[in-house]
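Trainee: just a sequence and a predicted model for now, questions to come.
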Amino acid sequence: MPSIFSRVLPSPTRDVHARRERRKEARPGELLDAALDLFVEKGFAATRSEEVAARAGVSKGTLFLYFPSKEELFKAVVRENISGRFKEWNDGFEAFEGDSADMLRYCMKVWWDRLGAGRASGITKLVISEAGNFPDIAAFYQQEVIVPGQGLIRRMLQRGIDRGEFRVNDLDYAIYSLIAPMIFLIMMKHSVGACVAQGYPLEPERYIAAQIDTLLHGFCIRPGAAVPVGAGR
């Protein structure tokens with residue numbers, strides 16, 4: 001007859017099995033995390049599948065159960081960390097109630113806080129650096145990240161135009177006025193910023209504020225406009 005304690009105390013066998021089941025479920029996330037680290041550290045070409053598996057603590061065979069090739073692993077990393085977040089960002093656009101200038105300030109700050117400042121922004125440098133040798137991953141990144149990203153920026157600018165808040169002469173090219181400063185910040189973070197001994201060479205928040213100010217107001221003083229105290233120093 002089984003003891004009453006057998007119904008209360010956990011079974012060591014069941015505990016081990018449960019841990020293994022949880023570990024099995026966690027493996028795709030662990031693999032994606034390890035892959036992101038290695039892709040950003042070493043680039044696409046230099047990252048080997050067995051290194052990803054070793055860093056995640058699993059066998060190479062286990063890696064291929066989830067991701068049959070390094071290309072598929074890379075795509076999964078991009079979807080997990082970047083393109084899979086466009087719904088969240090588009091929902092944020094729909095819900096925003098402030099004026100369009102405040103929207104740009106908010107979106108650029110949030111983009112840096114949630115993506116640019118983290119490891120995943122290194123994927124952008126990887127694609128720029130290795131696109132010529134891997135046109136398939138460049139085409140994938142174009143479709144998954146660049147096209148929807150440009151579409152969201154276009155919507156933000158068009159909102160300002162429709163509300164009479166922005167004057168945009170060429171909307172097709174104006175979107176790059178927002179993209180280019182952020183690409184520069186990413187490239188600095190993952191190149192010079194990753195190497196210099198004294199630390200990161202730019203203050204991201206100050207840099208973003210300066211870029212937004214230039215985009216919204218420009219360098220030229222309009223007739224009748226007051227000159228800010230300390231301008232030109």
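Mentor: Alright, I've got the coordinates. Residues are numbered from 1 along each chain as shown.
Trainee: what about the helices in this structure?
Mentor: Under the criterion DSSP state H, helices of the chain are mapped to 12-42, 49-56, 60-66, 70-81, 86-95, 100-111, 122-130, 135-141, 147-162, 171-189, 204-217.
Trainee: now the longest one: average pLDDT?
Mentor: Across helix 12-42, the average pLDDT comes to 70.
Trainee: picking up where we left off before, could the helices of the chain be laid out in JSON lines, adding mean neighbour count?
Mentor: (Glycine included, C-beta is placed from N, CA and C.) Rendered in JSON lines, the data for the helices of the chain read as follows (neighbours: other Cβ atoms under 10 Å):
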{"stretch": "helix 12-42", "mean neighbour count": "15"}
{"stretch": "helix 49-56", "mean neighbour count": "18"}
{"stretch": "helix 60-66", "mean neighbour count": "14"}
{"stretch": "helix 70-81", "mean neighbour count": "19"}
{"stretch": "helix 86-95", "mean neighbour count": "12"}
{"stretch": "helix 100-111", "mean neighbour count": "17"}
{"stretch": "helix 122-130", "mean neighbour count": "20"}
{"stretch": "helix 135-141", "mean neighbour count": "16"}
{"stretch": "helix 147-162", "mean neighbour count": "16"}
{"stretch": "helix 171-189", "mean neighbour count": "16"}
{"stretch": "helix 204-217", "mean neighbour count": "15"}
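Trainee: so can I have a markdown table of these showing distance to residue 223?
Mentor: Putting those into a markdown table (distance: least, Cβ to Cβ, whole Å) gives the following:
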| stretch | distance to residue 223 |
| --- | --- |
| helix 12-42 | 49 |
| helix 49-56 | 60 |
| helix 60-66 | 63 |
| helix 70-81 | 47 |
| helix 86-95 | 35 |
| helix 100-111 | 21 |
| helix 122-130 | 40 |
| helix 135-141 | 45 |
| helix 147-162 | 23 |
| helix 171-189 | 24 |
| helix 204-217 | 14 |
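Trainee: hey, least reliable of the ones you listed by pLDDT?
Mentor: Among those, helix 12-42 scores lowest, at a mean of 70.
Trainee: on that earlier part again, so which of the helices of the chain is nearest residue 195?
Mentor: helix 171-189 (10.7 Å; Cβ to Cβ).
Trainee: and this protein, split by domain according to the record?
Mentor: The chain breaks down into these domains under automatic domain parsing: 13-70, 82-217.
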